[in-house]
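# Sharing a sequence plus its predicted fold:
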Amino acid sequence: MLARSSLAEASFDAPPAPVRLAVERPEDGPMVDALVERAFGPGRYAKAAERLREGNRPIRPLSFCAFGAEALVGAVRQWPIVVGEARGVFFGPIAVEAGWRKHGVGGQLIARACAAATDGGEAFILLVGDLPLFGPYGFEPVPAGRVLLPGPVDPRRILWRALRAGGVDGAAGLVSVARD
Ligand SMILES: CC(C)(COP(=O)(O)OP(=O)(O)OC[C@H]1O[C@@H](n2cnc3c(N)ncnc32)[C@H](O)[C@@H]1OP(=O)(O)O)[C@@H](O)C(=O)NCCC(=O)NCCS
């Protein structure tokens with residue numbers, strides 16, 4: 001196990017940090033919330049993405065924690081949404097503790113979250129984020145104007161990934177919280 005000081009000194013080409021990924025448990029919730037707060041700060045509540053989390057619940061089997069030794073060092077959540085009338089998954093937030101970044105933890109969380117959504121039979125994942133970060137995991141920009149978030153967003157940052165052939169067929173229009 002790499003100590004935090006070693007992580008900070010490791011070259012960027014070092015092998016991925018050894019972390020244990022596990023589905024988020026209810027008792028992990030406060031730690032995940034605190035990590036997200038540290039990573040994004042209070043400004044995150046103003047984001048359009050937050051409107052899709054309010055009054056919504058993360059899909060437990062699709063939301064993951066990364067533990068280094070026993071401490072939480074990263075997390076990702078995914079949420080049920082509809083785009084127009086097509087049901088899918090909204091990805092985020094994803095956050096890695098500052099001292100653990102650039103060692104592959106975020107990439108491991110993205111890959112695991114995508115695999116779990118695919119295995120769970122989901123049609124697509126939508127997110128608001130940077131293409132250089134998410135492109136290598138199969139995400140691509142949503143065609144301009146096809147999807148509307150509940151608030152202002154740079155349209156170039158609206159990305160999605162179909163999880164099966166035709167997965168985003170019929171997905172167009174306003175994004176909202178899925179109501180079962
Ligand atoms: C984004 C974040 C989760 C990435 O975690 P990480 O553990 O550093 O990710 P990885 O080490 O797996 O890096 C994945 C790759 O994405 C790159 N990357 C990381 N953040 C990026 C960003 N915002 N834009 C573009 N590329 C980014 C890394 O340089 C790395 O590139 P490489 O694979 O070519 O070397 C982490 O930096 C973080 O918590 N940031 C603060 C919160 C945040 O911005 N979340 C994302 C909002 S969309």
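Perfect, I can see it now. Just so it is clear, the structure is predicted and the values come from calculations on it, not from any experiment.

# Give the full set of residues in contact with the spatially closest residue to residue 25 that is not a sequence neighbour.
Among residues not flanking residue 25 along the chain, residue 65 sits closest, at 7.9 Å (C-beta to C-beta, 6 or more residues apart in numbering). In this view, the C-beta of every residue, glycine as well, is placed from N, C-alpha and C. Applying C-beta atoms under 8 Å, 6 or more residues apart in numbering to residue 65 gives the contacts 21-25, 28, 31-32, 72, 74-75.

# Residue 65: helix or strand, and which one exactly?
Counting by DSSP states H and E, the element that carries residue 65 is strand 64-68.

# Residue 36 now?
Here residue 36 is assigned to helix 29-40, by DSSP H and E.

# what's that helix in contact with?
Taking C-beta under 8 Å, 6+ apart as the rule, helix 29-40 contacts 24, 44, 65, 72, 74-75, 77, 93, 95-98.

# switch to 6 Å and redo it
For helix 29-40, the surrounding residues in contact (C-beta atoms under 6 Å, 6 or more residues apart in numbering) are 72, 75, 93, 95.

# just to revisit the earlier point, any part of the strand holding residue 65 near the ligand?
No: Strand 64-68 is not in contact with the ligand by C-beta under 6 Å from any ligand atom; minimum separation 8.6 Å.

# per-residue confidence averaged over the helix or strand following that strand?
The helix or strand immediately downstream of strand 64-68 is strand 71-84, counting by DSSP H and E. The predicted model gives strand 71-84 an average pLDDT of 97.

# Counting by contacts, list what strand 71-84 packs against.
helix 29-40, strand 64-68, strand 86-96, helix 105-119, strand 171-177 (3 or more C-beta pairs under 6 Å, 6 or more residues apart in numbering; DSSP states H and E).

# Over in the chain, which residue gets nearest the ligand? Let me know.
Per C-beta to the nearest ligand atom, residue 106 is where the chain lies closest to the ligand, at 2.3 Å.

# That residue against residue 98, yeah?
No: applying C-beta atoms under 6 Å as the test, residue 106 and residue 98 come out as separate, 12.0 Å apart.

# who's more crowded, the two?
residue 106 (18 against 11; other C-beta atoms under 10 Å).

# who in this structure is up against the ligand?
So far as C-beta under 6 Å from any ligand atom goes, the chain lies against the ligand at 39-40, 94-96, 101-107, 129-130, 132-133.

# Give me the buried entries from those.
39, 94-96, 101, 103-106, 129 (16 or more other C-beta atoms under 10 Å).

# Which member of the residues you listed is positioned nearest residue 52?
residue 129 (13.6 Å; C-beta to C-beta).

# pLDDT score assigned to that closest one?
Residue 129 is given a pLDDT of 97.

# which regions of this structure sit below the pLDDT cut-off?
Residue ranges of the chain with pLDDT under 70: 1-15.
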